[in-house]
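Generate a structure from the sequence data that follows.
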Amino acid sequence: QVQLVEYGGGLVQAGGSLTLSCAVSGLPFNRYAAGWFRQAPGKEREFVASISWGSISTYYADSVKGRFNISRDNAKRTLYLQMNSLKPEDTAVYYCNTDPRLRSDQWATMTSITYWGQGTQVTVSS
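The predicted model follows:
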C-alpha cells in the first residue's frame, strides 16, 4: 500500500519559516521524481516544486522561487519543502506527490499525478 504522509504544517507569521516533510512508503521512492503542490481556499491546486530522483534537478513555481527549497533523503524515504520569507498568499493546504511515470521537469504541467499525500495546512498571518 502506497502512503505519503505530510508533516510540519502550522501557523506562522509573515516573514517566518516552516519546513514540511513527507514520509513515503509502499514504493521504491528513490527511483521516482517527487514534488509539492498547494491549494488555497477558492483556488485551483497549483504546482510548487519538484525534484528528480537523485536530487540533481529541481524546479520551482515563479511565486516561490528564491524562497522555497525542495530536497529529499532517499535513505529516509522523505521529501522536504523548506519555506522561507513566507507571505500570507502562501496560505494553503500543501500536498506532496510522486509518480513513477514522470520526470521532475514534467511536474508543473501535469494534471494527473498518481500518488498524493493527504495534505497539511500552512497558514501565514500578516
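
Tell me the spacing between the most centrally placed residue in the chain and Met83.
With distances taken as CA atoms, centre = their mean, the chain has Trp36 as the residue nearest its mean C-alpha position (2.2 Å). From Trp36 across to Met83, the span is 10 Å (CB to CB, to the nearest Å). Any C-beta I mention is one placed from the backbone N, CA and C, and that applies to glycine too.

distance of Thr19 from Ser126?
21 Å.

swap in Leu81?
Between Leu81 and Ser126 the distance is 21 Å, computed by CB to CB.

what do you get for Lys87?
From Lys87 across to Ser126, the span is 9 Å (CB to CB).

cool, and Cys22?
Distance of Cys22 to Ser126, given as CB to CB: 27 Å.

if you count what's nearby, which of these two comes out ahead?
Cys22 (26 against 9; other CB atoms under 10 Å).

Backbone torsions only: list them for the nearest residue to that one once chain neighbours are set aside.
Counting by CB to CB, 6 or more residues apart in numbering, Cys22 lies nearest to Cys96, which is 3.4 Å off, once chain neighbours are set aside. Per-residue torsions, Cys96: phi -100, psi 160 (degrees, to the nearest 10).

dump the residue contacts of Cys96.
4, 6, 20, 22, 24, 34-36, 79, 81, 116-117 (CB atoms under 8 Å, 6 or more residues apart in numbering).

Now, of those, which are buried?
Among those, those buried by neighbour count (16 or more other CB atoms under 10 Å) are 4, 6, 20, 22, 24, 34-36, 79, 81, 116-117.
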